[in-house]
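> below is the sequence, then the predicted model.
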Amino acid sequence: MDSDPPKLLLIEDDRSIRRFLAISMESNGFRITEADTAESGLRAAVSEPPDAIVLDLGLPDGDGLDVIRKIREWSAVPIIVLSAREREHEKVLALDTGADDYLTKPFGVGELLARIRVALRHQASRNRKESPVFRTGDLAVDLGRRIVTIRDDVVHLTPTEYRLLTALVQQAGKVVTHRSLLKTVWGPDAVHENQYLRVYMGTLRSKIEEDPARPRYLMTEAGIGYRLTDSPPES
């Protein structure tokens, strides 16, 4: 999971700039997802979580600042703003709203690449400091390297399964509500989609539990949510 090139989400309504950025970023080793509106950008951030976002503030269906606010409700992904707005208070507002960096148009691709790499390094450093290896019973989750093992055998998870598991790891031993999990894993627009949880919890248990019908790790709290036990019973 840690060998894939970084994924970059470009939210930019000017097609010529967006295509130029996409080509430039792909030639420098990034995987690219494109969006041309605030709404499509938010959908992409939820459905295909990127490693970083490059965001234009002037979008046809809303202000980029609102996009930053909404993403910051559930994600710490690095956001680099590109904008024609040059006044200092506008840059400060974007950064205070939750952007990681700010470049004004016109800009150089080399500088943008440097800013993106710095943001990714800072994010990786935060993850290493804040995310030790979590262990419970025979289950180990290395959040820094994104590796999950059972009895030292690597468990291959989809990105969504991994996000669901890590959301539970971060609250290990506590009940995490359906709403909280849905918001963390799928975004704020999915807080009523409980069927997502049922399906993915079933596939996650099938990969982690010796007997998915009698789980030792991923426990159901009926009508409330789920709990990752930090002291599983003996098998």
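Thanks, I have the structure now.
> what segments of the protein are strands?
Along the chain, counting by DSSP state E, strands occupy 7-11, 31-35, 52-56, 58-59, 62-63, 79-83, 101-104, 133-136, 139-142, 147-150, 153-155, 175-177, 218-221, 225-228.
> off-centre distance for the second one?
Centroid separation for strand 31-35 versus its chain: 15 Å, with CA atoms, centre = their mean, to the nearest Å.
> select from the strands of the chain the stretch with the lowest mean pLDDT.
When the strands of the chain are ranked by mean pLDDT, strand 175-177 comes last with a mean of 84.
> tell me, how many residues neighbour L55?
Applying other CB atoms under 10 Å, we find 26 residues neighbouring L55. C-beta: built from backbone N, CA, C; applies to glycine.
> just checking, it touches D66?
No: using CB atoms under 8 Å, L55 and D66 do not qualify as a contacting pair, with a distance of 10.9 Å.
> distance to V118 added to the strands of the chain, as TSV?
What follows is those, written out as TSV (distance: least, CB to CB, whole Å):
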stretch	distance to V118
strand 7-11	14
strand 31-35	19
strand 52-56	10
strand 58-59	24
strand 62-63	25
strand 79-83	9
strand 101-104	8
strand 133-136	26
strand 139-142	24
strand 147-150	25
strand 153-155	31
strand 175-177	33
strand 218-221	37
strand 225-228	33
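> contact partners for the most centrally placed residue in the chain?
Nearest residue to the geometric centre of the chain (CA atoms, centre = their mean): P49, 4.7 Å. The neighbourhood of P49, defined by CB atoms under 8 Å, 6 or more residues apart in numbering, consists of K7, S75, V77, P159, R163.
> turn the buried ones among those residues into a named PyMOL selection, would you?
To isolate the buried ones among those in PyMOL, judged by 16 or more other CB atoms under 10 Å, type:
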select buried, resi 7+75+77+163
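> okay, and which of the contacts of P49 map to helices?
P159, R163 (DSSP state H).
> check contacts around the spatially closest residue to V169 that is not a sequence neighbour.
The spatially closest residue to V169, leaving aside those adjacent along the chain, is F134, at 4.8 Å (CB to CB, 6 or more residues apart in numbering). Each residue near F134 by CB under 8 Å, 6+ apart is listed here: A140, V141, L143, V169, A172.
> next: T33.
K7, L8, L9, L10, A44, E48, P50.
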